[in-house]
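> how would this look folded up:
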Amino acid sequence: MTFRSYDPDKDAQAVHRIWREVHWVKSESEETLMDVFLSGSRALVAEMNGVAECLAMSVPGRFRYGNGDLRLSAVTGVTTSRVARKQGFARRLAAELIAADAADGAEICALSMFEQGFYDRLGFGTGGYEHMMNFDPADLTITQKPRPPVRLTTDDSARMHEALLARKVWHGACTLLPSTVIQAETGWSENGFGLGYVGPNGELTHFFWGSAKDDHGPYHLKFIAYRTYSEFIELLALLKSLGDQVCAVSLIEPPDFQLQDLLRTPFRGRMITKKSDYEQHCRATAYWQTRICDLDACLAKTSLPGESVRFNLSLHDPVAESLPVSSSWGGIGGEYTITLGVSSHAECGTDARLPTLRASVGAFTRLWLGVRPASGLAATDDLFGPQELLNALDVLVHLPPPHLGWDF
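Predicted structure coming up:
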């Protein structure tokens, strides 16, 4: 068993087979797009009997925390072939990928999980709920008439990527930097299409990209970008204009809006479309996870209004158990003195005069990110401390719910 960097000349056919076996690609044209995706990624493979049988990859990006940005490692795929399951390849390869990104300066790592529990062993904690909205666009109450949009195709992927880089972001938002991500994602879309608007300088200002199951939908919107709320409303008005033919649209609800406010009869629509191909609903799912990779950097970007809280932190990082001793980064486990407040920081070592919080990296990341309050995490996750400290953290760490805003 060998872990090494992906070599396109040697490994392309093998990794194509891996993705065919997990049904991520189904044709040669999709394999070509996979190569495009890999060209902008850091990719590692686990080799067995001279053949790559596991692939892990990531791309660099930005992660919005409060009003500042952190350097992001976005893990975009960890896949194992049919002949190499249950060998520990995926866990160990993902750990080495995260370590390589952290050694290169990634301050936080994020991914979408296939099931809860697996990535906890690498220090990840579950993020907040995302609302998956399915609605009839004709039911939107927006009265604005949209301007005629421009049609977007896969040839416009670079323009769409620029619009996504410039889009409005919020706490928890991820932005993936390589344009090859959008080039591949738009190419993979079944019956993919895009509509949007350009500014005075010809730049794409706001748009959506989606896929269409058939002529009546559902339309699934994969990407939405806008810089202002008025631009988002115009995109909704554009969707409404399609409502004479399209019976259902699905999207992840942007965090600053409650789309139910803009639907004429949301409960009636839900009842009469139940179990149909055009079912209307709102479902909440926490499908993404994050972990801190650089504690000092993350706390340096943390500014919480209110009275500062100081405490000892005994931090356990399980990723170390999946890394070789020679790894250039071994996780962030250790004993720290933490200050959280308007100015936050971590110091090595402990202070006997302070209360102690014991936590896994995943649980502490969830607390720091504002996914759930300290007292709730103490009841359900790997986080323990005196109630007086938990109460103080409940009051201080009061952040908006984090939302990725980019499905990967």
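> From F207, how far off is P401?
25 Å (C-beta to C-beta, to the nearest Å). Using the backbone N, CA and C atoms, a C-beta is placed for each residue, glycine as well.
> In terms of neighbours, single out the busier of those two.
F207 (26 against 16; other C-beta atoms under 10 Å).
> can I assume the more buried one sits in a strand?
Yes - applying DSSP: H, G, I helix; E, B strand; the rest coil, one finds F207 inside a strand.
> who's in contact with the closest residue to it other than its chain neighbours?
Spatial nearest neighbour of F207, chain neighbours left out: G196 (2.6 Å); criterion: C-beta to C-beta, 6 or more residues apart in numbering. Contact analysis of G196 by C-beta atoms under 8 Å, 6 or more residues apart in numbering lists 149-150, 152, 160, 163, 204-208.
> Remind me which helix or strand G196 belongs to.
strand 192-198 (DSSP states H and E).
> How about C54?
strand 51-65.
> Quick one: neighbours of T141, just the number.
Neighbour tally, T141, other C-beta under 10 Å: 11.
> wait, E107 sits on L295?
No - contact criterion C-beta atoms under 8 Å: E107 and L295 do not qualify, at 9.1 Å.
> any chance you could map the helices in this structure?
Taking DSSP state H, the helices of the chain run over residues 8-21, 28-39, 89-103, 157-165, 180-188, 229-241, 266-272, 295-300, 361-369, 374-380, 387-396.
> Who are the contact partners of the closest residue to R64 other than its chain neighbours?
Using C-beta to C-beta, 6+ apart and skipping the chain neighbours, the partner closest in space to R64 is A173 (4.3 Å). Going by C-beta under 8 Å, 6+ apart, A173 touches 63-64, 403-406.
> From G66, how far out is A173?
11 Å.
> What of S375?
Where G66 is concerned, S375 sits at a distance of 22 Å (C-beta to C-beta).
> Do you know the pLDDT at K213?
We have a pLDDT of 86 for K213.
> That one: what's it in contact with?
By C-beta under 8 Å, 6+ apart, the contact list for K213 reads 190-191, 219-220, 277.
> Restricted to strands, list those residues.
219-220 (DSSP state E).
> okay if I get the contacts of K213 as TSV plus pLDDT, neighbour count and distance to D156?
Formatted as TSV, the contacts of K213 follow (pLDDT from 0 to 100; neighbours: other C-beta atoms under 10 Å; distance: C-beta to C-beta, whole Å):
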residue	pLDDT	neighbour count	distance to D156
E190	91	8	18
N191	93	11	16
Y219	96	22	18
H220	96	18	19
D277	91	12	29
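> any idea which of the contacts of K213 is closest to N134?
Checking the contacts of K213 against N134 with C-beta to C-beta, the nearest one is H220 at 9.2 Å.
> now the closest one: how far from L44?
For H220 relative to L44 (C-beta to C-beta), the value is 31 Å.
> Neighbours of the residue nearest to T205 when sequence neighbours are not counted, how many?
Leaving aside its chain neighbours, T205 sits nearest to G199 (4.5 Å; criterion: C-beta to C-beta, 6+ apart). Neighbour count of G199, defined by other C-beta under 10 Å: 11.
> Quick check on G199: phi, psi?
G199 adopts backbone torsions of phi -90, psi -180, taken as degrees, to the nearest 10.
> quick one: it and F207 touch, right?
No - between G199 and F207 there is no contact under C-beta under 8 Å: 11.6 Å.
> joint contacts of those two?
In contact with both G199 and F207: no residue, using C-beta under 8 Å, 6+ apart.
> sorry, back to before: what strands line up against the strand holding C54, and which way round?
strand 42-48 (antiparallel), strand 68-80 (antiparallel), strand 174-176 (antiparallel) (DSSP bridges).
> Which one, of the ones you listed, ends up nearest to R91?
Comparing these by C-beta to C-beta, strand 68-80 comes nearest, at 8.7 Å.
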